[in-house]
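**Student:** This is a predicted model, with the sequence first.
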Amino acid sequence: MDNLRFIRETMERATAFTAVSGWALVIVGCSAFAAAWIASRASSPMLWVWVWLAEALLSLGIAGGGSFRKASASRLPWFSMPGKRFALSFSPPMAVGALLTFVLCRTELYSALPGVWMLLYGAGIVTGGAFSVPVVPVMGLCFMIEGAAALFLPAAMGDWLMAAGFGCLHVVFGVIIARRYGG
């Protein structure tokens, strides 16, 4: 029994987290387009932040639900070793993003938020994607490149950059994941 457990655990460690739902990412991208439109009409910088924070929570629910559904349909355990590694690698950059959001809002440096958010989200996707299919870390690198650019572009482009990153990148990579890796 010990040998079988060892073999099972070794095989589990060697597998990739394949429950990333491409179609859920497409929906996340579409909701980001709507959030960009709503945020561009915000009457204050803090309202703008709240729009994007609500979008982040909505996106987390959509992506998590899509991954759970894909894992269930494929009869994959949701809390497998690759899934746990993905979550544990993705979480620290998201926690840093939450802390920096608080600090940047407190100091009224709202214009830095699009770049910081995309950089840290991209870092989370790259690190979590190391335990997933190969296209996932590439998506994370694209977010990091766009986030770095956002730090140096005019603040007035913030909503366009957020739509391009959280909207376009999710849609493009969502379609790629859905077609190549089964939904």
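**Tutor:** Arrived safely.
**Student:** now the helices for this structure?
**Tutor:** Applying DSSP state H to the chain gives helices spanning 2-14, 22-39, 45-73, 81-106, 113-129, 135-152, 158-162, 170-181.
**Student:** ranking those by burial, who's on top?
**Tutor:** helix 113-129 (a mean of 23; mean count of other CB atoms under 10 Å). (Glycine included, C-beta is placed from N, CA and C.)
**Student:** Kindly export stretch 171-181 (C-alpha atoms) in PDB.
**Tutor:** Extracted C-alpha coordinates of stretch 171-181, given in PDB (Å, rounded to 0.1, in the frame of the first residue of the first chain):
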ATOM      1  CA  VAL A 171     -10.400  36.700 -24.400                       C
ATOM      2  CA  VAL A 172      -7.400  35.800 -26.600                       C
ATOM      3  CA  PHE A 173      -5.800  33.300 -24.200                       C
ATOM      4  CA  GLY A 174      -9.200  32.000 -23.100                       C
ATOM      5  CA  VAL A 175     -10.000  31.000 -26.700                       C
ATOM      6  CA  ILE A 176      -6.500  29.400 -27.100                       C
ATOM      7  CA  ILE A 177      -6.900  27.400 -23.900                       C
ATOM      8  CA  ALA A 178     -10.500  26.400 -24.800                       C
ATOM      9  CA  ARG A 179      -9.500  25.100 -28.200                       C
ATOM     10  CA  ARG A 180      -6.200  23.400 -27.300                       C
ATOM     11  CA  TYR A 181      -7.000  22.100 -23.900                       C
END
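**Student:** Distance from that stretch to the middle of the chain?
**Tutor:** 14 Å (CA atoms, centre = their mean, to the nearest Å).
**Student:** what do you get for stretch 54-73?
**Tutor:** Stretch 54-73 sits 10 Å away from the centroid of its parent chain (CA atoms, centre = their mean).
**Student:** Let me see the mean pLDDT of that stretch.
**Tutor:** Stretch 54-73 carries an average pLDDT of 87.
**Student:** Before I go, just wanted to say thanks for your time.
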